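Asks: need coordinates for the below:
(one chain, ligands or ions: 1)
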Amino acid sequence: QEARPFFAKLDSFKTTQWHAGPLIGGETRQSGDAIAVLSPQDQRKQVGEVHFANEADIQDAIERATAAFPAWRDTPVEQRARALEELADKLEANREELIALCTREAGKGLQDGIDEVREAVDFCRFYAVQARSLMGEHTVLPGPTGELNELFVQGRGPYLCISPWNFPLAIFLGQVVAALVTGNTVVAKPAEQTNIVAYRATQLAHEAGIPADVLQLVPGKGREIGGLLTADERIVGVCFTGSTETAKVINRSLAARDGAIAKLVAETGGQNAMVVDSTSLPEQVITDVVHSSFQSAGQRCSALRVLYVQEDIAERVIDLLKGAMAELHVGNPGLFKTDVGPVIDQTAQQGLLAHIERISKEGRLIGQTAFSDECEHGHFVPPTAVEIQHIGQLEKEHFGPILHVIRYKASELDRVINEINSTGFGLTLGVHSRNEGQALAIAHKVNAGNAYINRNQIGAVVGVQPFGGNGLSGTGPKAGGPHYLHSFVTEKTISNNITAIGGNATLL
Ligand code: UN1
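Replies: All right, here's what the predicted structure looks like:
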């Protein structure tokens, strides 16, 4: 064990019981209802307990965030950026606990947990650098002689950050630190399935120097407290990642307010396709398809849902896919050998199983991976591939390990592109082809925020592949990209007639 400190430390969180709750003004409250948090992998195993925020907690949090805003806005950006870098160091120092939590609370695989901490660290360091360049110095604009025109970029006010359970650390913190480093205060409402990860991350942010009232946490059910939060006119902006339906509910709530116009940044769903033409290499295609569809049990908004294969190589690709799926290990996400873990909860499991039943009747079942007996007490869905006729058979995004395969003829490529665009989503796209001109043409014509050629189509890296889409997939700008922080700032110009104040004093 001494030779393997990472594993020994990870193991030490095997039975830890965490207690989380609203973090208001730096205090953990126990005011609202408490729920037991059970592991998605095994419902007999408790992870801890979470107290939800009640209405008084929410009012108090928004009040404090509003009062704390002017001083935080006027804090030098260098100090805010340093706090993010300090937080990055703290995340690294606590990585085993955070990985254990991602696995135990969210059912994420160990490799996913490692990647998640990495991504959270990257967000902190990247936005620290971006904020320094965006806000470090103000701009002097050209203007008439005797007038000084200066442009300042500054925070907007209290932000509400609503984050998803599928990246309970990385996306939670990505949103929060983007809002904080630009001088906004934050009330964070994490997904109701993953409060503990968010709670620990918030504590670490406070330890890193983010003031207590500048970042607060209000755990709860979206349906119960979401409306209270979005209707509050003190909240000047909402940063949301989750389903398209919820983004629309939030948008309506913001639009119905009487007060100031709030800004919404939303990153939502997809109906992500991959187009594989007959010049591609089937072995490489399969590696990338399996990774893109089944990693994280398909619970990524970037995940591949619809594979278009040119008919000349369809049989070969389908055969290889069956073989590769038979080799997947579905089971305990706490084991490195596991390829596919559980889905998040029973509602997700039931919805996905119902979809598999319906679509396998309508189409043709290609392959389905058998479970190991580690799955008996958890929310598992078997990785499944089904051949269908067209993308319109999918009435919505199915957020799990289900791949749909559609054959096409070379002459039908334009139809395929139109069909993908007809969904209204525009998130990720994969293309496999050794004809580079054709691959690039498809990548340009398909409506997608992130197009990937001859590789997998998940795992966008902060600063390298800024992530996000358009249409039903969200508003942009892209997270982890050079323009993301612009959503969190306002601009102010001060035009100063300097001749009025001793402007001619030194000439003679
Ligand atoms: C999401 O699933 O909400 O590209 C986003 C990826 C991740 C982002 C996924 N970096 O897979």
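
Asks: all strands of the stretch 351-500 of the chain, in order?
Replies: Along the stretch 351-500 of the chain, counting by DSSP state E, counting those that start in this stretch, strands occupy 364-368, 384-387, 402-408, 428-432, 450-453, 489-497.

Asks: what lines up beside the second one in the sheet?
Replies: Strand pairing for strand 384-387, determined by DSSP bridges: strand 364-368 (antiparallel), strand 402-408 (parallel).

Asks: nearest to the ligand, out of the ones you listed?
Replies: strand 402-408 (15.5 Å; CB to the nearest ligand atom). In short, each C-beta sits where N, CA and C put it, glycine included.

Asks: extract the C-alpha trace of the closest one and format it as PDB.
Replies: Extracted in PDB, the C-alpha atoms of strand 402-408 (Å, rounded to 0.1, in the frame of the first residue of the first chain):
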ATOM      1  CA  ILE A 402     -27.900   3.700 -26.100                       C
ATOM      2  CA  LEU A 403     -26.500   4.000 -29.600                       C
ATOM      3  CA  HIS A 404     -28.700   4.200 -32.700                       C
ATOM      4  CA  VAL A 405     -27.300   3.200 -36.100                       C
ATOM      5  CA  ILE A 406     -28.600   4.300 -39.500                       C
ATOM      6  CA  ARG A 407     -27.300   3.100 -42.900                       C
ATOM      7  CA  TYR A 408     -27.000   5.600 -45.800                       C
END
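
Asks: ok, and what's touching it?
Replies: With CB atoms under 8 Å, 6 or more residues apart in numbering as the test, strand 402-408 has contacts from 289, 293-294, 298, 304-311, 314, 318, 321, 352, 355-356, 359, 363, 366, 381, 383-391, 393-394, 415-416.

Asks: quick one on the thing from earlier: want to throw the strands paired with strand 384-387 into TSV with distance to S243?
Replies: Formatted as TSV, these follow (distance: least, CB to CB, whole Å):
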stretch	distance to S243
strand 364-368	26
strand 402-408	17
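
Asks: hey, which of the ones you listed is tucked in deepest?
Replies: strand 402-408 (a mean of 23; mean count of other CB atoms under 10 Å).

Asks: can you give me the mean pLDDT across that strand?
Replies: The pLDDT scores in strand 402-408 average 98.

Asks: would you confirm that E92 contacts A120?
Replies: No: contact between E92 and A120 fails when scored by CB atoms under 8 Å: they sit 9.6 Å apart.

Asks: okay, the two: which has more neighbours?
Replies: It is A120, of E92 and A120, that has more neighbours when counted by other CB atoms under 10 Å, with 28 against 14.

Asks: I'd assumed A201 was in contact with the more buried one.
Replies: Yes: the criterion here is CB under 8 Å, and A120 meets it with A201 at 7.4 Å.

Asks: now do the shared contacts for these two.
Replies: Common contacts of A120 and A201 (CB under 8 Å, 6+ apart): L91, L98, L169, L173.

Asks: can you flag which of these belong to helices?
Replies: L91, L98, L173 (DSSP state H).

Asks: tell me how far the last one lies from the ligand.
Replies: By that I understand L173. 13 Å (CB to the nearest ligand atom, to the nearest Å).

Asks: can you pull the contacts of that residue?
Replies: Neighbours of L173 in contact, by CB under 8 Å, 6+ apart: L87, L91, A120, F123, C124, A201, A205.

Asks: what two of these are the furthest from one another?
Replies: Distances among these were taken as CB to CB; the most separated pair is F123 and A205, at 12.1 Å.

Asks: for the closest residue to the ligand within the stretch 151-300 of the chain, give me its contacts.
Replies: Taking CB to the nearest ligand atom as the measure, the stretch 151-300 of the chain has R300 as its residue closest to the ligand, at 3.7 Å. Contacts for R300 (CB under 8 Å, 6+ apart) come out as N166, I458.

Asks: switch to 6 Å and redo it
Replies: When contacts are counted by CB atoms under 6 Å, 6 or more residues apart in numbering, R300 touches I458.

Asks: could you flag which of the contacts of strand 402-408 are buried?
Replies: By neighbour count, with 16 or more other CB atoms under 10 Å, the contacts of strand 402-408 hold 289, 293-294, 298, 304-310, 314, 318, 321, 352, 355-356, 359, 363, 366, 381, 383-388, 391, 394, 416 as buried.

Asks: let's see which of these end up in helices.
Replies: Per DSSP H, the buried ones among the contacts of strand 402-408 map to helices at V289, S293, F294, A314, I318, L321, L352, H355, I356, I359, V416.

Asks: make TSV from these and add distance to the ligand to it.
Replies: Shown next, in TSV, are these (distance: CB to the nearest ligand atom, whole Å):
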residue	distance to the ligand
V289	15
S293	12
F294	13
A314	26
I318	25
L321	21
L352	16
H355	19
I356	21
I359	22
V416	23
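
Asks: report how many residues lie close to S372.
Replies: Counted with other CB under 10 Å, S372 comes out at 15.

Asks: any idea of the pLDDT on the spatially most central residue of the chain?
Replies: The chain has I171 as the residue nearest its centroid, 4.1 Å off, counting by CA atoms, centre = their mean. With respect to pLDDT, I171 scores 98.

Asks: which element is it on?
Replies: helix 170-181 (DSSP states H and E).
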